[in-house]
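>>> quick one, what's the 3D model for this:
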Amino acid sequence: MKNDLLKRLQTIEILPYLSFAAFVLGIKFALIAIYGNATPYWDQWDAEADHLYRPWLEGSLHWMDLFAAHNEHRILTTRLLALGLLELNGKIWDPILQMRVNAVLHVASLSVLLFYLSKTLLSPGSKTALFVFSAVLFSIPFGWENTLAGFQSQFYFLLLFSFFYLWAMSAYKTYSMKWWMGVAAGGLCLVTLASGALTILAGSLILVIRRVVAKDKEGVASSAILLLIAMVVLAIGLTPSIPGHAVLKAQSPTQFLFALATVVSWPANKTGIGVVIVQMPLLLLGLRVLRNREYQTPPCFFIVVMTLWLFGQFVSIAYGRAAGITSSRYLDLFAIGLVLNFSVLIVLLNHAKTQHKLRYGLGIAVWLATVAIGFNMSAGKLSADLQIKAREGLEQEKNVRAYLCSGDIAHLQNKPFLFTPYPNPERLKHLLDNRLIRSILPGNIYELNSRYPIGPDGEPFCDPGSLVRAFEVREWKNIDNTTGLVAVASISNNGWQGTDYFKSSIPGFRVIGSLIKSENDTGMVTLHLRRDDRILYRSGPRVAEQFVLVNNGGAGKFHTILPLALEWSVLEFSNTQLPDEFDVTLIDAGTKWGEWSAIALKVN
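So this is what the prediction gives:
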């Protein structure tokens, strides 16, 4: 009976963690499914493909390479995870898998934080409030850059190891087994991100507070403090300086202070009062810990050391990345501050005298309102950022796949910013041409690793139509210039029995279109052309199902979606890969609003 009761109590205690993890993880997985893309991105090509996977597959990777600097950081843990996932996935590089594992890491680290913070909360209602607030907070995808990138596990490893280390420094006697385990977690912080040194520093400071303020000389040895400080000095000494990153740093005290005020007040950095309100609870608790022995307990020490850690991160980012201080990749760190502050508000409310509880309740309401207003003010930008990220991912996938299918570097050159997944097209070509790197590429860009050699639309994986355009689109500025425009006689098969939506009438031309009664009408028309022939063409405002085939697809050599042409435009079939003579089939398969196509042919 007693064992059954114990099991029930354990089940009840673990339910909040399971509910929190399932909710936040579900949100993250949905975000990855909607906006994620398996095309490796930016740093992944050098840090993973060339410096990790290639030597691993060659058998030339040395164990010291795992500790090599990546910019200012040592990313041992991220490298080990990347290699493990590569092997577990059958030597196929899958950034989507990396994103999902990163999501699990993030949720696991947050669960550890909530476990430690719950030790300060006495009532079940207080714990429920903390879990609900945290679940709502982390369901907001403000950290989407980390969520939608396979190469960001270092941020989540830093959180996980920092929480273990900082709790050990707050709660355990120095040189005990649990304390040494905490020190080991701190050591892992140093080989996760450069800011891991700040984690060790925060731990040393809480030991000072325990020994000097709380008079815990038996629990805290002076030599342990010196050991941690030595670790900090060593870590800073081994951190490389990157000359190219100097421009990202604060260039003046004014810029630094402005950047610091911005991060301290996030997400209410646009409200004007956030800098005063957002971090106020942590400051209040810190003062109570220093002045009141009632608060000098391991759970409260943990909140204090987390505050020191958090402000260390604030200062580091405000100085080192002042130019992009509110970049999405840093917000997962900033959000930890919101969880800490909310937990402190509950602690202060629980400790308040009855006559003061209303005052603290109003304080919680003001704090929550400030945070909510801050998030609401940035909601529009967040939605736009996610849409842009999804579009860029599709463009990167299309262009890299096009190169791998055709070998034409033009698919990597002269593209809009972030329409290719690496800034240097020649370097990207070099990496894609490497036999070992190509062999592990994700299946969304490399045909031999794709599970779908034929797409849902029946088209082959290497669909050159979207890769090699058979024509150029030009404006029809001078309506008297009819040079090269084809005549009605070029029609070899006409399934378009209508006109365009506007029932255009062009002197000397016959307009033929797919629209008879409505946009529901479909059909195709085939023309026999010679290279450099030109067609007058016009489309509706939607072209999702408007296609062009050259020689009925010609084993897929030319096949592309027709362009959007709201005004009459010229399609000039001048691609040098075209044969001297060929058939062009224009297809309208769309039945939705705005889907129609039309051409205008000379009548003689």
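
>>> which residues does the residue lying closest to Leu515 once chain neighbours are set aside contact?
Nearest in space to Leu515, with sequence neighbours left out and distances taken as CB to CB, 6 or more residues apart in numbering, is Trp596 at 4.2 Å. C-beta here means a position set from N, CA and C on the backbone, and glycine is covered the same way. For Trp596, the contacting residues are 500-501, 513-515, 519, 521, 539-540, 588, 590, by CB atoms under 8 Å, 6 or more residues apart in numbering.

>>> mind redoing it with 6 Å?
501, 514-515, 519, 540 (CB atoms under 6 Å, 6 or more residues apart in numbering).

>>> in which helix or strand does the closest residue to Pro267 other than its chain neighbours reside?
For Pro267, ignoring the flanking residues on the chain, the nearest one in space by CB to CB, 6+ apart is Gly374 at 3.6 Å. Counting by DSSP states H and E, the element that carries Gly374 is helix 357-377.

>>> number of nearby residues for the closest residue to Ser597 other than its chain neighbours?
Nearest non-adjacent residue to Ser597, counting by CB to CB, 6+ apart: Asp588, 4.7 Å away. When neighbours are counted by other CB atoms under 10 Å, Asp588 registers 28.

>>> and Asp588, what are its bridge partners?
Bridge pairing for Asp588 (DSSP bridges) gives the partners Gly523, Gln546.

>>> returning to what we had before: compare the contacts of Trp596 and tell me which is most surrounded.
Busiest of the contacts of Trp596 [other CB under 10 Å] is Ser514, holding 29 neighbours.

>>> is that one in contact with Asp588, as I believe?
Yes - in this structure Ser514 lies within contact range of Asp588 using CB atoms under 6 Å: 3.8 Å.

>>> which residues do these two both contact?
Common neighbours of Ser514 and Asp588 (CB under 6 Å, 6+ apart) are Ser597.

>>> on the pLDDT front, check Glu459 for me.
Looking at Glu459, its pLDDT reads 55.

>>> show me the helices in the stretch 201-350 of the chain, by range?
222-237, 253-264, 274-277, 280-291, 298-320, 328-351 (DSSP state H, counting those that start in this stretch).

>>> buried residues in the shortest one?
When you say that, I think you mean helix 274-277. 274-275, 277 (16 or more other CB atoms under 10 Å).

>>> same question for the last one.
Neighbour counts over helix 328-351 (16+ other CB under 10 Å) mark 328-349, 351 as buried.

>>> starting at the chain centroid, how far to that helix?
23 Å (CA atoms, centre = their mean, to the nearest Å).

>>> show me what that helix packs onto, helices and strands only.
helix 124-138, helix 144-147, helix 280-291, helix 298-320, helix 357-377 (3 or more CB pairs under 6 Å, 6 or more residues apart in numbering; DSSP states H and E).

>>> out of those, which comes closest to Leu85?
Across those, Leu85 has its closest neighbour in helix 144-147 (16.5 Å, CB to CB).

>>> list the contacts of that closest one.
28, 31, 152, 155, 328-329, 332, 386.

>>> tell me where the stretch 401-550 of the chain has strands.
Using DSSP state E, counting those that start in this stretch, the strands found in the stretch 401-550 of the chain span residues 472-475, 491-494, 509-513, 523-530, 534-539, 546-550.

>>> same question, the stretch 51-200 of the chain
In the stretch 51-200 of the chain, the strands defined using DSSP E, counting those that start in this stretch lie at 69-70, 73-74.

>>> next one: the first one to chain centre, how far?
When you say that, I think you mean strand 69-70. 21 Å.

>>> need the residues that contact that strand.
47, 240.

>>> isn't Leu549 right up against Thr585?
Yes - using CB under 6 Å, Leu549 is in contact with Thr585, at 4.3 Å.

>>> hmm, back to that, could the strands of the stretch 401-550 of the chain go into JSON lines alongside mean neighbour count?
Formatted as JSON lines, the strands of the stretch 401-550 of the chain follow (neighbours: other CB atoms under 10 Å):
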{"stretch": "strand 472-475", "mean neighbour count": "12"}
{"stretch": "strand 491-494", "mean neighbour count": "14"}
{"stretch": "strand 509-513", "mean neighbour count": "20"}
{"stretch": "strand 523-530", "mean neighbour count": "19"}
{"stretch": "strand 534-539", "mean neighbour count": "22"}
{"stretch": "strand 546-550", "mean neighbour count": "23"}
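
>>> and the helices and strands packed on helix 328-351: which comes nearest Pro267?
It is, among those and with distance given as CB to CB, helix 357-377, at 3.6 Å.

>>> mind listing what's buried along the closest one?
So for helix 357-377, counting by 16+ other CB under 10 Å, buried means 360, 363-364, 367, 370-371, 374-375.

>>> quick one: which of those residues is nearest to Gly324?
Nearest to Gly324 among those, counting by CB to CB, is Gly374 at 18.6 Å.

>>> pLDDT score for the closest one?
88.

>>> ok, now Leu333?
Listed pLDDT for Leu333 reads 91.

>>> how much space separates it from Thr147?
Leu333 sits 14 Å away from Thr147, going by CB to CB, to the nearest Å.

>>> for Met99, same thing?
From Met99 over to Thr147 (counting by CB to CB), the distance is 7 Å.

>>> who touches both of those two?
The contact sets of Met99 and Thr147 do not overlap (CB under 6 Å, 6+ apart).

>>> just put the contacts of Trp596 in TSV and tack on pLDDT and distance to Leu66.
Compiled in TSV, the contacts of Trp596 are given as follows (pLDDT from 0 to 100; distance: CB to CB, whole Å):
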residue	pLDDT	distance to Leu66
Tyr501	87	62
Ser514	91	60
Leu515	90	62
Glu519	81	58
Gly540	82	56
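
>>> just those residues now: which is nearest Leu15?
Taking the contacts of Trp596 together and measuring to Leu15 by CB to CB, the closest member is Glu519, at 52.8 Å.

>>> ok, that closest one - contacts?
Taking CB under 6 Å, 6+ apart, we find Glu519 in contact with 593, 595-596.

>>> tell me how many other residues crowd His73.
Neighbours of His73 using other CB under 10 Å come to 20.

>>> what of Pro240?
11.

>>> what do you get for Ile209?
20.

>>> again, but for Met280
Neighbours around Met280, by other CB under 10 Å: 17.

>>> and the furthest pair within the contacts of helix 144-147?
Phe155 and Leu386 (18.6 Å).

>>> neighbour count winner among those two?
For Phe155 and Leu386, the more surrounded residue by other CB under 10 Å is Phe155, and the numbers stand at 23 against 17.

>>> ok, the more buried one - contacts?
146, 332.

>>> likewise for the one 3 residues further on?
Contacts for Leu158 were tallied using CB under 6 Å, 6+ apart; they are 189, 192-193.

>>> and it, what pLDDT?
95.

>>> how near is it to Leu441?
Counting by CB to CB, the gap from Leu158 to Leu441 is 29 Å.

>>> same question, Pro95
Taken as CB to CB, the span from Pro95 to Leu441 is 11 Å.
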